[in-house]
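> model this:
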Amino acid sequence: MANIHYLINNLTSGGAERVLSTIANNLASDECKVNIHALNSDKFYNLKSNVLFRPVLSKSRNKIISLIIAVFSLIYRVRKENIEILQSHLFISNYINILIKFLGCKHKVQIVHCVAWTS
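Down below sits the predicted model:
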């Protein structure tokens with residue numbers, strides 16, 4: 001069974017969020033387990049029941065502390081679940097994906113970001 005992991009800031013209404021939710025829903029099947037790790041629990045788009053939506057941020061009011069907790073939570077998940085590839089979407093998630101790689105995780109990093117600079 002394929003085990004695919006994505007990292008994104010959240011699944012609120014936006015272009016990258018819509019694209020990722022569509023990809024996850026289309027890939028999820030009995031042969032493919034899809035995990036979406038999100039930096040917070042905000043979710044606008046519907047996911048199939050076999051797509052795991054897994055927020056990592058704490059409820060701390062301090063954003064810096066929340067991001068530090070997210071980094072260490074992701075390090076723990078990547079190591080414990082032996083995640084081989086983590087594809088991230090959007091700036092903050094991309095930076096965190098690269099950071100946890102530098103902090104010793106052995107996963108492969110795949111960065112995705114499309115920007116419309118005129119919008």
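
> the nearest residue to Glu17 once chain neighbours are set aside: how many residues sit nearby?
Distances taken as CB to CB, 6 or more residues apart in numbering place Leu11 nearest to Glu17, at 4.8 Å, with adjacent residues excluded. Using the backbone N, CA and C atoms, a C-beta is placed for each residue, glycine as well. Residues lying near Leu11 (other CB atoms under 10 Å) number 24.

> is it true that Leu11 touches Asn40?
No - counting by CB atoms under 8 Å, Leu11 stays clear of Asn40, with 9.4 Å between them.

> where does Asn40 land on pLDDT?
At Asn40 the predicted local distance difference test score is 87.

> please report the distance of it from Phe102.
23 Å (CB to CB, to the nearest Å).

> flag the shaky bits of the chain, pLDDT-wise.
58-59, 116-119 (pLDDT under 70).

> how about the helices in it?
According to DSSP state H, the chain carries its helices in the segments 15-27, 63-80, 91-102.

> got TSV for the ones you listed, with mean neighbour count and distance to Val112 too?
Below are the helices of the chain laid out as TSV (neighbours: other CB atoms under 10 Å; distance: least, CB to CB, whole Å):
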stretch	mean neighbour count	distance to Val112
helix 15-27	17	8
helix 63-80	16	17
helix 91-102	17	8
